[in-house]
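J.: Task: produce atomic coordinates for the following.
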Amino acid sequence: MAASDDMRAVVVDEAASGRLTIGRVPRPTPAAGEVLVQVAAVSLNRGEVRTAMTAATGWRPGWDYAGTVAQAAADGSSLPAGTRVVGMSPTGAWCEYIAAAPPFIAPLPDAVSFEAAATLPVAGGTALHALRRGPRKPGRQVLITGASGGVGVYAIQLASGAGDEVTAAIRSPANEALVRGLGAQHVTIGETLAADIGPFDLILDSVGGRTLGTALGLLAPGATCVNLGGSEGAVAEFDISKFRGAGGTTLYGLAMFYEVQHEPPSVTLTELARLVAEGKLRPVIERRGTIDDIAEIAQALISRRFSGKAVLTF
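T.: Numbering: from 1, shown residues only. Model (predicted):
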């Protein structure tokens, strides 16, 4: 294979330390309505890294990326070459080039760096979609668990910016200054979620397990709890009488690749990029490196050795 016909990409290698390595794969050939994007930066999400830890050799992870359109769509239907973009892919985005259809990319304002943009698709998009749930009213009481994580840091900012009163639940007191600085008015700290707070109009839970069980008893009448993940455990027990007794309560399971069937990522990404450009949303990047650092930083993410997001560049 000629050098011009292939590219570097992150691939699963069951024999490699950390299971993730850099391999050479064919460069994609865009369909008539797709652009070819030269990727400048990618970010990591816990979900794709967890999948990679059990995937077979050859599988290619990666959801979030930002870069420049290297080749316009052959049918002229999309952005011209040279356009800076942020994009989202179902898989395989941790590579030098990616073919992308218009619904999965958005133009990137010059004021937003590739590194900042790469953190937006899954984490920022999940936070945005989750906050659209629940009752809409001034001063809405919102609880965010796992608040110092990738989704949490965006959810705090988006909620407080919309006028919600935010309570951030975190495990480590070391992250209190971070979440308060992002806009949380109240902070609860500990391995176990306190059962004497609330009630809340909307709860965003990315922890699952006992935390989700407790959260379901903290809902106000007509309130919603949106579950985003299960880092504490996949099974939750809860007090049915508290959950039902409040009246009109809802548990909503949010999966980003379900949400994009109802709103194209391009719409969400355009809104998020605008907020960053206007200084109303700040990416929290705690780890930076090159794509060669993928195995090390992926392990640090899974082991919860940092808050916020990790970004790698080519």
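J.: Would you mind confirming that residue 152 makes contact with residue 131?
T.: No - look at residue 152 against residue 131 with Cβ atoms under 8 Å: they stay out of range, at 11.8 Å. (C-beta placed from N, C-alpha, C; glycine too.)
J.: what residues are shared contacts of those two?
T.: Here residue 152 and residue 131 have residue 204 as joint contacts, going by Cβ atoms under 8 Å, 6 or more residues apart in numbering.
J.: Pick out whichever of these two has more residues nearby.
T.: Set side by side, residue 152 and residue 131 show more neighbours around residue 152, with 30 against 21, by other Cβ atoms under 10 Å.
J.: Tell me who's in contact with the more buried one.
T.: Neighbour list for residue 152: 127, 144-146, 168, 179, 204, 206 [criterion: Cβ under 8 Å, 6+ apart].
J.: Is the nearest residue to residue 275 once chain neighbours are set aside inside a helix or a strand, and which specific one?
T.: Take residue 275 and drop its neighbours on the chain: the residue closest to it by Cβ to Cβ, 6 or more residues apart in numbering is residue 281, 3.9 Å away. Using DSSP states H and E, residue 281 maps to neither a helix nor a strand.
J.: Residue 281 and residue 151: what is the separation?
T.: When distance is defined by Cβ to Cβ, to the nearest Å, residue 281 is 13 Å away from residue 151.
J.: The two: which has the busier surroundings?
T.: Neighbours of residue 281 and residue 151, each counted by other Cβ under 10 Å, are more numerous for residue 151; the result is 27 against 24.
J.: ranges for the helices of this structure?
T.: Secondary structure of the chain, counting by DSSP state H: helices at 46-52, 114-118, 125-131, 150-161, 176-182, 209-215, 240-245, 256-259, 265-277, 294-302.
J.: closest to residue 100 out of those helices?
T.: Shortest distance between residue 100 and the helices of the chain, using Cβ to Cβ, is found for helix 265-277: 9.9 Å.
J.: ok, and what's touching the closest one?
T.: Counting by Cβ under 8 Å, 6+ apart, helix 265-277 makes contact with 86-88, 102-109, 111-112, 116-117, 120-121, 124-125, 128-129, 158, 161, 260, 281-283, all of which sit outside it.
J.: Can you list the low-confidence ranges for this structure?
T.: When the per-residue scores of the chain are filtered using pLDDT under 70, the ranges that remain are 1-4.
J.: How about the spatially most central residue of it: what's its closest non-neighbour residue?
T.: Compute the mean C-alpha point of the chain, and by Cα atoms, centre = their mean the closest residue is residue 123, 1.7 Å away. Across the structure, with Cβ to Cβ, 6+ apart as the measure, the residue nearest residue 123 apart from its sequence neighbours is residue 150 (4.0 Å).
J.: count of residues packed around that neighbour?
T.: 29.
J.: Would you mind confirming that it makes contact with residue 46?
T.: Yes - counting by Cβ under 8 Å, residue 150 does reach residue 46; the two are 7.2 Å apart.
J.: which residues touch the residue nearest to residue 123?
T.: Neighbouring residues of residue 150 by Cβ under 8 Å, 6+ apart: 45-46, 119, 122-123, 308-309.
J.: How is the protein partitioned into domains?
T.: Listed by automatic domain parsing, the domain ranges of the chain are 3-122+264-313, 134-253.
J.: isn't residue 203 right up against residue 214?
T.: No - no contact is recorded between residue 203 and residue 214 when judged using Cβ under 8 Å, the distance being 10.0 Å.
J.: Residue 70 - how many residues pack around it?
T.: 16.
J.: And residue 211, by the same measure?
T.: Residues near residue 211, counting by other Cβ under 10 Å, number 24.
J.: which phi and psi does the nearest residue to it once chain neighbours are set aside have?
T.: Excluding its sequence neighbours, the residue lying closest to residue 211 (Cβ to Cβ, 6+ apart) is residue 193, at 4.7 Å. In this entry, residue 193 is assigned phi and psi values of phi -70, psi 130 (degrees, to the nearest 10).
J.: before we move on, what about residue 44?
T.: Comment: the main-chain dihedrals of residue 44 come out as phi -100, psi 140, following degrees, to the nearest 10.
J.: Any idea what the residue nearest to it when sequence neighbours are not counted is bridged to?
T.: Sequence neighbours aside, residue 310 is the residue nearest to residue 44 in space, at 4.7 Å (criterion: Cβ to Cβ, 6+ apart). Taking DSSP bridges as the rule, residue 310 bridges to residue 287.
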